[in-house]
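Colleague: Here you go, sequence then predicted model.
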Amino acid sequence: MRRLGNPQEDLSCIHIAGTNGKGSVTSYIASMLAADHHRVGVYTSPYLERFSERIRILDGQDALERMLADDSEGEIPRRDLFALSDQVEQAVREMLADDEEHPTEFELVTAVAFLYFKKMHCNYVVLETGLGGRLDSTNIVRSPVCSVITALGFDHMDRLGNTMREIAAEKGGIIRKNCPVYLYSPCDAGLSGPDSDDASDVIASICSALDSPLTIVSASDSSLLQSSADGQDFMLSFLPEILHIRLIGSHQIQNAALAVRAVLALVSIQGILLGLSRTTWKGRLEILRKSPLFLLDGGHNPQGAQSFRSAVDELFAGDFQSDPPRILLGFMEDKDYPQILSILFSNLSYRFREIICITPDNPRALSANVLRDYILKHFPAEALFYKNQTTMYNKRGMISAYDQVQTACEQVLSESKTDGAPILCVGSLYLAGLVRSACKNDL
């Protein structure tokens, strides 16, 4: 970055780390700032369908309205991506000529983002960490406007540590001296009592050492008024207005509360109201179609699976008792898929019509055949499937495996078109992106 002129030092960044909810909180904050007439740079990862999703500018209220119709709104144009990549490549050549280490792929992309946001004169940049925080490429930012830490949990443990104290320390590495910190209460993140205590202690200790004021946003700060497939209305203890979000799932209320608290001093009440109501975040409990239902989620760890399960049980379980859904599943091999499956399949009040196992197109993907065999071995048919006269719990015939996402989606959509069955999809952001692309033209 020094060779590129340190563009990040000229940006007003809101830095976001955490295990779950980073993307949603990033989107809420960016939308509220844009609704308040700011030009906002947004840096996220990974992407679902297009690489350019990772680097985006929301330029005021009009951009929010356009994004509702076209989710590619504000993405970095190819010409700018290529031109700035060439600029970064030249800096890398100079580094290699001086016997310095080659940057990682994520470092290269982050450099392009910083150059683009400076070139476009962004008022604010909402910066999501890629992995962890302390050693993340985005953590080159010296003086962020504030640091936001979303729900903490166990993920990427090969990189971040095996204990909650270690993971919290890595996430808390984005905290800077005298910089306000906003934390999603670990007590509400689905952690055990000792783990939530450890997470709270670590973040509080870092803030104390750096004289950084800490605000913890908890479930008690919000009260739900109504929830449906069209969104949720709620109130916050620190605002008198009724707020509305499009995103479903009870965890999204607290994500929104965290985002609001972080920008409360930066955004008008009107900006908060409009920004929240216009926030979208694809691949996170996203309703691709309402009739019949097609619900897509990128949840890929136990906490994410629990959020998915809770939302489905709250909003759709009653309908599923008489109209069983199909469920598409696909995981990365290094994820805790046994625990995720246990969360998805235990104590169901409804049954599935069919389970479709898919191998996501990724080198780390779990084979669909391995996934099918695991389900066959560990879950009884009567606990999973709707009993009908044709199959009589012939579980093997009701669990299919596909190595191609496109083939699986074509088959499922064709069958759903015939019998009107709802469709669920969960297990991986990579799977969510592939399914979304494969199904887009048939919804």
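Modeller: Thanks, I have the structure now.
Colleague: you'd agree F294 is in a helix?
Modeller: No. Read with DSSP: H, G, I helix; E, B strand; the rest coil, F294 is strand and lies in no helix.
Colleague: I'd guessed it sits against A438; true?
Modeller: No. The pair F294 / A438 is not scored as a contact, 11.8 Å apart, by CB atoms under 8 Å. Yep, even glycine has a C-beta here, placed from its N, CA and C like the rest.
Colleague: can you pull the contacts of L276?
Modeller: Y28, S31, M32, L243, H244, I245, A256, A259, V260 (CB atoms under 8 Å, 6 or more residues apart in numbering).
Colleague: ok, the fourth one to G275 distance?
Modeller: Meaning L243. 10 Å (CB to CB, to the nearest Å).
Colleague: Which two of the contacts of L276 have the greatest separation?
Modeller: Greatest spatial distance among the contacts of L276 (CB to CB): H244 and A259, at 13.9 Å.
Colleague: who's more crowded, those two?
Modeller: More crowded of H244 and A259, by other CB atoms under 10 Å: A259, with 33 against 19.
Colleague: longest helix anywhere in the protein?
Modeller: Using DSSP state H, we find that the single longest helix of the chain is helix 78-97.
Colleague: pLDDT of the helix or strand that it is followed by, averaged?
Modeller: Remark: after helix 78-97, the chain's next helix or strand is helix 105-119, criterion DSSP states H and E. Averaged over helix 105-119, pLDDT sits at 98.
Colleague: between helix 105-119 and helix 78-97, how many degrees?
Modeller: Relative orientation of helix 105-119 versus helix 78-97 (axes from the mean of the first three to the mean of the last three CA atoms, to 10 degrees): 120 degrees.
Colleague: Can you give the contact residues for helix 105-119?
Modeller: Counting by CB under 8 Å, 6+ apart, 1, 4, 7-8, 10-11, 41, 43, 45, 54-55, 57, 76, 80-81, 84-85, 87-88, 91-92, 103, 125, 130-131, 137-138, 140 sit against helix 105-119.
Colleague: same thing but at 7 Å, please
Modeller: Outside helix 105-119, the residues that touch it by CB atoms under 7 Å, 6 or more residues apart in numbering are 1, 4, 7-8, 10-11, 41, 43, 54-55, 76, 80-81, 84-85, 87-88, 125, 130, 137-138.
Colleague: residue ranges with poor pLDDT in the stretch 151-300 of the chain?
Modeller: Counting by pLDDT under 70, the stretch 151-300 of the chain contains no low-confidence residues.
Colleague: just the strands in it please.
Modeller: Counting by DSSP state E, counting those that start in this stretch, the segments of the stretch 151-300 of the chain that form strands are 181-184, 214-217, 222-228, 231-236, 243-245, 286-290, 293-296.
Colleague: can you check the stretch 1-150 of the chain too?
Modeller: Ranges of strands within the stretch 1-150 of the chain are 13-17, 39-43, 55-59, 124-128, 146-149, based on DSSP E, counting those that start in this stretch.
Colleague: Pipe those into TSV and attach distance to I356 per row.
Modeller: As requested, the strands of the stretch 1-150 of the chain are exported to TSV (distance: least, CB to CB, whole Å):
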stretch	distance to I356
strand 13-17	34
strand 39-43	33
strand 55-59	32
strand 124-128	31
strand 146-149	36
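Colleague: Can you tell me which of the ones you listed is nearest to E415?
Modeller: Proximity to E415 (CB to CB) singles out strand 55-59 among the strands of the stretch 1-150 of the chain, at 35.7 Å.
Colleague: gap between the closest one and the chain center?
Modeller: Taking CA atoms, centre = their mean, to the nearest Å, the mean C-alpha location of strand 55-59 is offset from the chain mean by 18 Å.
Colleague: between that strand and helix 105-119, how many degrees?
Modeller: Interaxial angle, strand 55-59 versus helix 105-119 (the same axes, to 10 degrees): 20 degrees.
Colleague: contacting residues around strand 55-59?
Modeller: Residues contacting strand 55-59 (CB under 7 Å, 6+ apart): 30-31, 34, 39-43, 64, 74-76, 112-113, 116, 120, 122.
Colleague: follow-up on the earlier one: just the buried ones from the contacts of helix 105-119?
Modeller: 1, 4, 7-8, 11, 41, 43, 54-55, 76, 80-81, 84, 88, 125, 130, 137-138 (16 or more other CB atoms under 10 Å).
Colleague: and T279, how many neighbours does it have?
Modeller: Neighbours of T279 (other CB under 10 Å): 28.
Colleague: sorry, back to before: more crowded one of F294 and A438?
Modeller: For F294 versus A438, neighbours defined as other CB under 10 Å are more numerous around F294 (25 against 18).
Colleague: My guess is the more buried one contacts G420. True?
Modeller: No. Look at F294 against G420 with CB atoms under 7 Å: they stay out of range, at 11.7 Å.
Colleague: where does I327 sit relative to S414, distance-wise?
Modeller: For I327, the distance to S414 (CB to CB) stands at 17 Å.
Colleague: and which of the contacts of L276 is nearest to L210?
Modeller: Of all these, A259 has the smallest distance to L210: 22.5 Å, by CB to CB.
Colleague: now the closest residue to the closest one other than its chain neighbours: how far from P380?
Modeller: Nearest residue to A259, sequence neighbours excluded (CB to CB, 6 or more residues apart in numbering): Y28, at 3.6 Å. Using CB to CB, Y28 is found at 41 Å from P380.
Colleague: Tell me who's in contact with L127.
Modeller: Shown in contact with L127 (CB under 7 Å, 6+ apart): C13, I14, H15, I16, Y43, T138, V141.
Colleague: who's the third one bridged to?
Modeller: Right, the one you point to is H15. Judged by DSSP bridges, the bridge partners of H15 are L127, S147.
Colleague: Now do the contacts for it.
Modeller: L127, T138, V141, P144, S147, I174.
Colleague: Tell me how far it lies from N6.
Modeller: Look at H15 and N6: by CB to CB, they are 16 Å apart.
Colleague: cool, the fifth one as well?
Modeller: In this structure, Y43 lies at 16 Å from N6, with CB to CB as the measure.
Colleague: Which residues are in contact with P180?
Modeller: Residues near P180 by CB under 7 Å, 6+ apart: C146, S212, P213.
Colleague: same thing but 6 Å
Modeller: Taking CB atoms under 6 Å, 6 or more residues apart in numbering, we find P180 in contact with C146, P213.
Colleague: what do you get for Y402?
Modeller: Counting by CB under 6 Å, 6+ apart, Y402 has contacts I358, A368, A408.
Colleague: can you do 8 Å?
Modeller: Contact analysis of Y402 by CB under 8 Å, 6+ apart lists I356, C357, I358, T359, A368, A408, Q411.
Colleague: pretty sure S12 contacts V145?
Modeller: Yes. The criterion here is CB under 8 Å, and S12 meets it with V145 at 5.4 Å.
Colleague: Settle it for me: which of these two has more neighbours?
Modeller: Using other CB under 10 Å as the criterion, S12 and V145 rank with V145 on top: 20 against 16.
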